[in-house]
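# fold the following and give me the result.
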Amino acid sequence: MQIQQKPPIHLTYCLNIHPGETWSENFAAIREKAVKVKERVAPDRPFGLGLRLSRRAAESLVDGNRRGDLRKFFDAHGLYVFTINGFPYGQFHGARVKEKVYAPDWRTAERRDYTNLLADILADFLPDGVNGSISTVPVSFKSWIKSESDLKSVVSNLSACAEHLADRNICLALEPEPGCFLETTEETIRFIGEQLHGAVRRHVGVCFDTCHAAVQFEDVAGSLKRYLDAGVRVAKVQLSAAAETVPDVEALKPFCDNVYLHPTKAKKRDRSFQYWNDVPDAVAAVSDRPRIGDQRSPLQTLRIHFHVPLFAGNSTAEELTPEFFSLLKQGSTEHLEIETYTFDILPPELRAARVVDHIVREYEWVLARLQ
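The predicted structure follows:
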């Protein structure tokens, strides 16, 4: 929904919180869940949708007539689409995902063609005068980029996608994430500045996920400002929080799961950092440390790339400061998206009983800080 006119800001939640790999499953989530959220959050005004479409679901919308029917449904229910999560190409719920979520990556034609298809779909759904965004993998999983040839393929495919977007009001948004080729704000600014030029930079920017920045122990407001100062287009900000805990095995165990990869980073007492690729690795390391409270332990605070509700405690939500929200209201981005896709694997004490109630509580948290 549009929560500010000048500069324009649109707020949504990412539909990746609802399991579904086919368009029929995605549409059922819109009809049965998103419509109910709208009734409680924005009953009297248009309500924005943040689609998540797998390759399989996107192919179901190739038919322009089918998209036309969907526009009629959206219009009838006061819905509009302005952003798509194009990060997960394949299955995203209910099975082991881990590092497979980054494949195919931007070295491949499959990633380029999938993203171009999403752009075609989004262009048909965008309301007049509203810009669009598509978030995507931050190039690749870090260890998969091994040569200059890999990097050349990445730049070639991103450039081809930018050309596909040239006559559309849509920006592709690389989403820096722990463990990936683009992890930090500085890495992302350097990559865009050194590898992407001219017209490409008009159509390729960033999706700034606040959970990911916080896991890196970056100052969230400061990181957002660095993108703006560097002239990098912030196409979308994902409002999310990472789990934060003391270095204790029992505190870490609830965040172990067999579905997603959860990189974990620890701040040490000497202000240096330690990194683990997944929570079980951190559990193994912490179990070898002195017990919590023992000053001999070098670890101080752990942050886990496990999206927890914005309204929950023991998280990095407090990093979303008044300064950060002030930057948003000043026009640092047009698109805000609440993203807590982990609902089904959250520890029970961190979620509402029903997903609609959970989403509404996150909207209330965000709107209280924006208004």
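# residue ranges with poor pLDDT in this structure?
288-297 (pLDDT under 70).
# that one: strands as residue ranges?
Counting by DSSP state E, the segments of the chain that form strands are 2-4, 9-13, 47-52, 79-85, 132-136, 170-174, 204-209, 234-239, 241-245, 264-268, 273-276, 299-308, 335-338.
# need these in a markdown table (columns: distance to residue 225 and mean neighbour count).
(Glycine included, C-beta is placed from N, CA and C.) Listed next are those as a markdown table, based on distance: least, Cβ to Cβ, whole Å; neighbours: other Cβ atoms under 10 Å:
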| stretch | distance to residue 225 | mean neighbour count |
| --- | --- | --- |
| strand 2-4 | 19 | 17 |
| strand 9-13 | 17 | 24 |
| strand 47-52 | 24 | 24 |
| strand 79-85 | 22 | 25 |
| strand 132-136 | 20 | 26 |
| strand 170-174 | 18 | 26 |
| strand 204-209 | 11 | 26 |
| strand 234-239 | 10 | 26 |
| strand 241-245 | 20 | 25 |
| strand 264-268 | 22 | 20 |
| strand 273-276 | 22 | 16 |
| strand 299-308 | 21 | 23 |
| strand 335-338 | 17 | 24 |
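# quick one: contacts of stretch 348-362?
13, 17-18, 33, 36-37, 40-41, 308-312, 338, 340, 343 (Cβ atoms under 8 Å, 6 or more residues apart in numbering).
# flag every buried residue along that stretch.
350-352, 355-356, 358-360, 362 (16 or more other Cβ atoms under 10 Å).
# okay, now residue 88: neighbour count?
Counted with other Cβ atoms under 10 Å, residues neighbouring residue 88 total 21.
# find the residue closest to it in space, skipping its chain neighbours.
Using Cβ to Cβ, 6 or more residues apart in numbering and skipping residues adjacent in sequence, the residue nearest residue 88 is residue 101, 5.3 Å away.
# again with residue 186
Here the residue nearest residue 186, using Cβ to Cβ, 6+ apart, is residue 226, at 7.7 Å.
# roughly how far apart are that neighbour and residue 174?
Using Cβ to Cβ, to the nearest Å, residue 226 is found at 15 Å from residue 174.
# restricted to helices, list the buried residues of stretch 348-362.
355-356, 358-360, 362 (DSSP state H).
# one step back: got the contact list for the residue nearest to residue 186?
By Cβ under 8 Å, 6+ apart, the residues touching residue 226 are 185-186, 189.
# show the buried residues in the contacts of stretch 348-362.
Buried, going by 16+ other Cβ under 10 Å: 13, 17-18, 33, 36-37, 41, 308-312, 338, 340, 343, out of those.
# what's the most distant pair in those?
36 and 308 (22.6 Å; Cβ to Cβ).
# what distance do you get for the residue nearest to residue 186 to residue 74?
Residue 226 is 36 Å from residue 74, by Cβ to Cβ.
# the helices in the stretch 101-250 of the chain, which residues?
109-125, 148-164, 185-195, 199-203, 210-215, 220-229, 249-252 (DSSP state H, counting those that start in this stretch).
# quick check: angle from the second one to strand 170-174?
Computed with axes from the mean of the first three to the mean of the last three Cα atoms, to 10 degrees, the direction of helix 148-164 lies at 160 degrees from that of strand 170-174.
# contacts for helix 148-164 next, please.
Contacts for helix 148-164 (Cβ under 8 Å, 6+ apart): 105-109, 111-112, 115-116, 119, 139-140, 144-145, 172, 195-196, 199-200, 202-204.
# and for residue 95, the neighbour number?
Count around residue 95 with other Cβ under 10 Å applied: 11.
# residues touching it, list them.
Contacts of residue 95 (Cβ under 8 Å, 6+ apart): residue 259.
# let's see 10 Å
21, 258-259 (Cβ atoms under 10 Å, 6 or more residues apart in numbering).
# ok, of the residues you listed, which one's closest to residue 280?
For the contacts of residue 95, the nearest to residue 280 is residue 258 (9.8 Å; Cβ to Cβ).
# what is the burial count for the closest residue to that closest one other than its chain neighbours?
For residue 258, ignoring the flanking residues on the chain, the nearest one in space by Cβ to Cβ, 6+ apart is residue 96 at 5.7 Å. Applying other Cβ under 10 Å, we find 11 other residues in the vicinity of residue 96.
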